[in-house]
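K.L.:
Have a look at this prediction, sequence included:
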Amino acid sequence: TVEGFHKRMQLRREDFPLSINATATHDTKRGEDSRMRIDVLSEIGEEWFENIGQWKKTGENLRKEKNIPDANEEYFIYQMLIGAWPFSGEPGEEFLERSTAYLQKVLREAKVNSSWAQPDENYEEQVYDFLKKLVKKDEFLDSFGKFHRKIAAYGAIKSLSQSLLKITAPGIPDVYQGTELWDLSYVDPDNRRPVDYQLRKQYLEEIKAENVHEQL
């Protein structure tokens, strides 16, 4: 509750005023903004599962073999896409490369149909192939795009709210490198990619120039 939150923050200010308020680290499991999107799904479960049912029907025609990916893996793929899909437009090859690298980690660490000790590369390739066909299927893109726009909007509100709490609540706010902008990354090595500092410098200059213009 709001009241409970304020009581916790009062205790934090009294007992741990120098604690770090962190929402991302070098080992974050998905970027902080991806997590906020997925958090939205828990609040509209019925609508989410209705869409899942529709997407699974589309997915049936994209498989090489009946149960590849299996039910859990297929569900994970839809959730994964909700979190990482770009705010606008369709993803390119770089997105698919990141996604397949992430799926390899997921499949092997699940130790159900593949593993690091005994990788089943043929199985993995079929899962990657399913993903690549899925994100190019018009039927899926139309349905997914409409639902995703809604989730991305609500997720952005949650992300901004999280940032506001982080920098105003008792403690020391920590902005992990690269999260000054939207962070829709997966896990390592995706979340350890080089930060585009030049882009951030460009945005800062644009903000400064706009502020000067307003003052004039």
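P.N.:
That came through fine. Numbers count the residues shown, from 1 in each chain.
K.L.:
Name the residue closest to the centre of the chain, please.
P.N.:
For the chain, residue 34 is the residue whose C-alpha lies nearest the centre (Cα atoms, centre = their mean; 2.3 Å).
K.L.:
List the contacts of the residue lying closest to it once chain neighbours are set aside.
P.N.:
With Cβ to Cβ, 6 or more residues apart in numbering as the criterion, residue 34 has its nearest non-adjacent residue at 3.5 Å, and that residue is residue 83. Yep, even glycine has a C-beta here, placed from its N, CA and C like the rest. Contacts here follow Cβ atoms under 8 Å, 6 or more residues apart in numbering; on that basis residue 83 touches 30, 31, 34, 35, 37, 38, 184.
K.L.:
Mind giving me the packing neighbours of the helix or strand harbouring residue 38?
P.N.:
Taking DSSP states H and E as the definition, one finds residue 38 inside helix 32-41. Packing partners of helix 32-41 (3 or more Cβ pairs under 8 Å, 6 or more residues apart in numbering; DSSP states H and E): helix 71-84, helix 138-168.
K.L.:
try 10 Å this time
P.N.:
In this structure, helix 32-41 makes packing contacts with helix 45-59, helix 71-84, helix 138-168, judged by 3 or more Cβ pairs under 10 Å, 6 or more residues apart in numbering; DSSP states H and E.
K.L.:
Include distance to residue 202 and mean pLDDT when you put these into TSV, please.
P.N.:
Shown next, in TSV, are the helices and strands packed on helix 32-41 (distance: least, Cβ to Cβ, whole Å; pLDDT from 0 to 100):
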stretch	distance to residue 202	mean pLDDT
helix 45-59	37	96
helix 71-84	24	97
helix 138-168	21	96
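K.L.:
Among the ones you listed, show me which one is buried the most.
P.N.:
The highest mean neighbour count among the helices and strands packed on helix 32-41, using mean count of other Cβ atoms under 10 Å, belongs to helix 71-84: a mean of 18.
K.L.:
Tell me which residues of the next helix or strand after that helix come out buried.
P.N.:
Once helix 71-84 ends, the next helix or strand along the chain (criterion: DSSP H and E) is helix 93-110. Buried positions in helix 93-110, judged by neighbour count with 16 or more other Cβ atoms under 10 Å: 95, 98, 99, 100, 101, 102, 103, 104, 106, 107, 108.
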